[in-house]
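S.K.: no sequence on this one, just coordinates:
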């Protein structure tokens with residue numbers, strides 16, 4: 001069972017402060033502004049207090065000063081002070097720390113490709129060209145965009161359109177690189 005993200009965010013801040021302090025330090029005073037989630041937003045005071053109460057219940061910390069949690073606002077000098085059992089905290093942290101996000105470029109690219117729609121629905125309303133509820137162009141009656149859309153419209157139904165099959169005088173719009181060549185265009 002994984003712990004909630006807010007606990008992971010709080011113990012990550014505490015762990016960072018522990019790493020920067022001498023091993024003999026057991027009492028810590030940390031500004032409430034230091035407790036931020038993975039997006040950089042400050043963690044609400046009521047959530048912080050719940051996490052600290054949970055850590056105290058699990059006998060990892062002993063709260064010494066929590067007066068600043070009773071205020072509705074957050075001031076620069078707001079802090080929490082606690083005594084910590086380093087050994088218990090290290091066990092708790094190693095068991096409950098958050099997983100790092102996977103940033104492998106190939107995995108990200110392949111997951112994006114899997115989310116492509118299997119069909120593209122082309123709709124022309126006034127001067128606007130829509131593909132699957134996305135406005136892609138507002139072409140005039142002449143020009144490269146208009147020529148391209150006319151070419152697409154004239155192709156047989158369920159016929160794949162590849163970049164190589166386009167005629168030389170028909171320029172390809174920039175969005176074409178994001179469109180899979182094996183997808184179908186359905187015309188309204």
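M.R.: That came through, no problem. Worth saying up front: this structure is predicted, and the values here are computed from it rather than measured.

S.K.: Check which residues of the longest helix along the chain are buried.
M.R.: The longest helix of the chain (DSSP state H) is helix 5-19. By neighbour count on 16 or more other C-beta atoms under 10 Å, the buried set for helix 5-19 is 6, 7, 8, 9, 10, 11, 12, 13, 14, 15, 18. To be clear about C-beta, it is placed using only N, CA and C from the backbone, and glycine gets the same treatment.

S.K.: Got the phi and psi for the residue nearest in space to the middle of the chain?
M.R.: Centroid-nearest residue in the chain, with C-alpha atoms, centre = their mean: residue 39, separated by 8.4 Å. Note on residue 39: its backbone torsions stand at phi -90, psi -10 [degrees, to the nearest 10].

S.K.: Against residue 31, how distant is it?
M.R.: Residue 39 is 19 Å from residue 31, where distance means C-beta to C-beta, to the nearest Å.

S.K.: Over to residue 151?
M.R.: The gap separating residue 151 from residue 31 is 62 Å, by C-beta to C-beta.

S.K.: how about low-confidence regions in the chain?
M.R.: Scanning the chain for pLDDT under 70 picks out 1-3, 98-117, 139-146, 163, 166-188.

S.K.: residue boundaries of the helices in it?
M.R.: Counting by DSSP H, the helices of the chain are 5-19, 45-57, 86-96, 105-114, 144-154.

S.K.: want to throw these into JSON lines with distance to residue 68?
M.R.: Output for these, formatted as JSON lines (distance: least, C-beta to C-beta, whole Å):
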{"stretch": "helix 5-19", "distance to residue 68": "15"}
{"stretch": "helix 45-57", "distance to residue 68": "8"}
{"stretch": "helix 86-96", "distance to residue 68": "22"}
{"stretch": "helix 105-114", "distance to residue 68": "41"}
{"stretch": "helix 144-154", "distance to residue 68": "60"}
